[in-house]
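Engineer: I'd like to go over a predicted model; first the sequence, then the structure.
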Amino acid sequence: MITVGENVQCTVTRTGDWGAYAKMKSGEEVLISFGELSWDRIQKTDEIVSPGDVVNVKILENPTEERTSFLGSIKRTQTDDPWSDQRMEVGSILRGSVERIGKDVAFINLANGIVVGVHVENPSCLSIGQSVQVKLEEVDSSARIAKASIVDSV
């Protein structure tokens, strides 16, 4: 009997834009939705898994009458939620890299899928991939939103 919260070894059977299906050794199927593949931002399922891969999956929900598969997560077996990391507190200074630049905002990737917005008066002084230090000004872990200011750019 599989229980919610249990980690099980599965083999990925198929993938798509929606995520992946995997089979447990017992033959039961687990749906791993796209958002449960990785804490990092990814564009495609195959950046994380491909059919035939053996993966550890945490069971999130049992099957229901409407859904015959278990629901599972790969990311929750690897590390804890990065938003619960103690470093994600107001006033913390963290290093990241510039992911995108807009008219008056830059988005800084702090790793593990956390991207913070930073107001910038002169976006031309930044470039994609540039390493910067930011100070967290606001953090809402439940909404997964953070605002920061640039402390130092390298």
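Structural biologist: Received it, and whenever you're ready, just let me know what you need.
Engineer: Any buried residues in stretch 32-42, and which?
Structural biologist: For stretch 32-42, burial by neighbour count (16 or more other C-beta atoms under 10 Å) applies to 32, 34, 36, 37, 38, 39. Backbone N, C-alpha and C define where each C-beta goes, glycine included.
Engineer: what's the answer for stretch 98-108, then?
Structural biologist: Taking 16+ other C-beta under 10 Å as the criterion, stretch 98-108 shows 98, 101, 106, 108 as buried.
Engineer: Please parse the protein into its domains.
Structural biologist: 7-78, 83-153 (automatic domain parsing).
Engineer: now the end-to-end length of the longest one.
Structural biologist: By that I understand domain 7-78. By C-alpha to C-alpha, to the nearest Å, the extent of domain 7-78 from end to end equals 11 Å.
Engineer: re earlier: pipe the domains of the chain into CSV and attach mean pLDDT and distance to residue 1 per row.
Structural biologist: Converted to CSV, those look like this (pLDDT from 0 to 100; distance: least, C-beta to C-beta, whole Å):
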stretch, mean pLDDT, distance to residue 1
domain 7-78, 91, 10
domain 83-153, 87, 29
